[in-house]
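> no letters, just coordinates:
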């Protein structure tokens, strides 16, 4: 196998990797700005310079020439070269800043150049705290600057499009943004204008940067030049915690991080998953963050004397038990949900089976033509595939209406959906029968007809599994706290700085800032038990283990194998 | 009478009786009819019809044997460059990008050639196209040369009509196109890989090399980039032989060359003479001596980017790569800037740094940021507010820029700074000492 020597240490390699990516994969840090693994290599930031040499070979024999000590004689390239653009070759010898003063000096010089016209406005810059320029200046930069002139003034607060704003003077001309629009999204909406030190990214005259993937340039901008209009100045990196998760706006299962401050989701950014969304996220996946904060219900409610009254959870479960117990099991319509996790749907199916009802069905939410063949799908739910694999199929609206009219449905149990808004039935249609509703929002139109309202935890508050349209089973972690759940233990929630250092006076620790809801995987067993059924209180992990062991189409889908990037399930045939 | 060079050898030969071949004294030579009447396109005809004598590789061999070096500034062997083209692959088009995007201060000789003898360029392009089996040539002309573009388009249309360009040229089975491409008006467009980007319709940013244009040029296909004056030499080599060409001027850098003389001389202009001319002959005899009888102070031999030479450094120095390298400068484009004793070298450098600051494309950090910083420093010194420390910083910045960018613009911007300060340091120091912020 060919080998390369980096800083006197030999490594074997395969294929034809570029030096910088190889070093990054190895964990050998090389500072860089313009390089991005998904984009072309312009080598323009000049930060990743290294010294590169090749062993001298005898022209006739091809043997490596050695010196008196038996060491190979190295012919060094006359100039330093950018490691991002160097193709590795067998026998290549590389000196980085760890072993070469020349490289160390070049990195320092380059950072001095980068900073002369860059505003030192870190205290007010959104990128502060996770800015590569800030970090690398700290690690590799000069101690001060010799620049004593006015900095170049470039346009400030330029609205490039509905979601992206440019602060021109912070731009270090890495061209990642323009390369993204040229090479990845192919909208070609951004270009570099002006020349030399005055240049900055801009739209063509009359163009608006409004492509459906525009906000990715914010993520890949190494400095704070491109910012999100809706997130600008809202929070700093050190004030937030982030949780790895997936987006639930459509069926692609794009990996993302939910960023939370004061127990509110403030932004959604992509998380790298080369099999699903690579490094990108469509704008529509990011724009939904208010949904996790607004119109959230406050505890369970039961209809008494025609009006919904807040009751405690036990009372709500008792009412559910009473309502379901009063009707024939086979006459209960169970509606699963493509918004809910596999675990929740599975438990609903179990409950239905225990009561002698037929398998739940789900309401599909498909917008034909809305997909783009990339990260946006026609299906606007995250788990239709998971439902299908559980044997939960799209509901037949005609049949439901006929059964309702015939009086064959004596109760309706809805898991995390809104049948009225979806047009499955009208509130008046179910006026005389009990309706139990697991809901996310107080805007759910089915609440008007519900007899018991059970606020359910959303994707950012629960643990569970979703199966993407391509068959990837992926788990999510809670990003924000809900009332009454030990999030750090049972829900595997990451501990953020406020968790560790917050005081009882922080809103994070204040219960009034936490939604009074529960994950459905906690509610459904409690309801089953209140009806006298044997249902253990199990963690989502155990539930998923059971699913993986009992349902063939979920084979191998346990939390260990899913890890952070999911597991692709075997294809299943079309089911009726 | 032959002029002695520094080492006593004759270089330019009998330049006083030199017969002009690039810009011959023929009235209306720019017109197709006149050009043909004076033997034009005979070299092309010979190359296309004597397929044994002038097989494509033999044309390249002849150019190699002539010793022709590129006239665009870098001075690379033209024949060798042509031989870098890979073997013909029927499915892959091959291109020439002919570089007429001169825009460096002091360089204005391509314009003269395009005005007076455009058909020599066209003929050279077609010979090169034959030698390298080229499908199409993009003749990239500086956008500001509006008149010359129009004129050359007019003449090119005649060539198409007469069957000299296009399908089955002169009734042979050789076909090749010529497309005139107007430059977008930036110095960087003349850098060979930026030129390719510009032809492709993109912003002119230099490309990383390797791959070189011969492997991956226009639209990823094999491409050779040559200057217009370089290609104009091809018909001369075919017509008169490689030996004739190799016998003109300097041994290792032979051939006729267009000297662009400007600055404080009596008769500035473009002059055709052999390479290897004594700089003193060029100034004193060709350009009519220093303007107003002033004393010579400095020259820049080949366009603003090459190192400046003090008057006392040019004794016996000839205009060819070897001699100029020995003297501490370069041939570049042979566009010589001549400065008299009254020239303020700080002001000169200020103007040069202004140019490079303005023209840096902004792709690479050291050039984008460094060119502006050095202009700031030189301007401050010129305006009487500099310090001696500024001179040290300037030298340091040259170190920080040279050899650390994709293309050579950073080098081109740093060399004049380094050399002007080194060679005229007393002037810079004097200005700094007068400064209100004087130190030391």
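Nice, I can see it. Small disclaimer: the values here were computed from a predicted structure and weren't measured. Numbering: from 1, shown residues only, chains lettered A, B, ... in the order given.

> the most centrally placed residue in chain B and residue B:360, how far apart?
The centroid of chain B falls nearest to residue B:72 when counting by Cα atoms, centre = their mean (2.5 Å). According to Cβ to Cβ, to the nearest Å, residue B:72 stands 19 Å off from residue B:360. The C-beta positions use only the backbone N, C-alpha and C, and glycine is treated the same way.

> same question for residue A:338.
Distance from residue A:338 to residue B:360, by Cβ to Cβ: 55 Å.

> tally of neighbours for residue 78?
Picked chain A for this. By the criterion of other Cβ atoms under 10 Å in any protein chain shown, residue A:78 has 7 neighbours.

> that's the wrong chain, I wanted chain B
Residue B:78 has 27 neighbours, counted by other Cβ under 10 Å.

> same deal with residue A:520?
Using other Cβ under 10 Å, residue A:520 has 25 neighbouring residues.

> confirm for me that it is in contact with residue A:351.
No: between residue A:520 and residue A:351 there is no contact under Cβ atoms under 8 Å: 10.5 Å.

> buried residues in stretch A:179-193, which are they?
Using 16 or more other Cβ atoms under 10 Å in any protein chain shown as the test for burial, stretch A:179-193 gives A:179-182, A:184-185, A:187, A:189-192.

> phi, psi of the closest residue to chain A within the stretch 101-250 of chain B?
Closest residue of the stretch 101-250 of chain B to chain A, Cβ to the nearest Cβ: residue B:208 (5.2 Å). With angles defined as degrees, to the nearest 10, residue B:208 sits at phi -80, psi 140.

> quick one, what contacts it?
Residue B:208 is in contact with A:41-43, A:82, A:85, B:406, counting by Cβ atoms under 8 Å, 6 or more residues apart in numbering or on different chains.

> between these, which has the most around it?
residue A:82 (29 neighbours).

> if we ignore the residues flanking it in sequence, what's nearest that one?
residue A:43 (4.1 Å; Cβ to Cβ, 6 or more residues apart in numbering or on different chains).

> ok, the one you found touching residue A:33?
No: with contact defined as Cβ under 8 Å, residue A:43 does not count as touching residue A:33 (10.9 Å).

> circling back to that earlier point, identify the farthest-apart pair in the contacts of residue B:208.
The most widely separated members of the contacts of residue B:208 are A:41 and B:406, with 10.9 Å between them, by Cβ to Cβ.

> enumerate the residues of chain A near chain B.
Residues of chain A lying near chain B by Cβ under 8 Å from any Cβ of the partner chain: A:41-47, A:49, A:78-80, A:82, A:85, A:106, A:109-110, A:112-114, A:116-117, A:146-147, A:149, A:152, A:172-173, A:175, A:191-192, A:194-199.

> buried among these? Make that a PyMOL selection.
Restricted to buried positions by 16+ other Cβ under 10 Å, the PyMOL selection for the residues of chain A next to chain B reads:
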select buried, chain A and resi 41+42+43+44+45+46+47+49+80+82+85+106+109+110+112+113+114+116+117+147+152+172+173+175+191+192+195+196+197+198+199
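
> in helices only, show me the residues of chain A next to chain B.
Taking DSSP state H, the ones among the residues of chain A next to chain B that sit in helices are A:106, A:109-110, A:112-114, A:116.

> I'd say residue B:66 and residue B:249 touch.
No: using Cβ under 8 Å, residue B:66 is not in contact with residue B:249, being 11.5 Å away.

> anything in contact with each of the two?
Common neighbours of residue B:66 and residue B:249, using Cβ under 8 Å, 6+ apart, are residue B:255.

> got the contact list for the residue lying closest to residue A:131 once chain neighbours are set aside?
Counting by Cβ to Cβ, 6+ apart, the nearest residue to residue A:131 once its immediate chain neighbours are dropped is residue A:223, at 6.0 Å. Neighbouring residues of residue A:223 by Cβ under 8 Å, 6+ apart: A:118, A:125, A:127, A:131-133, A:170-172.
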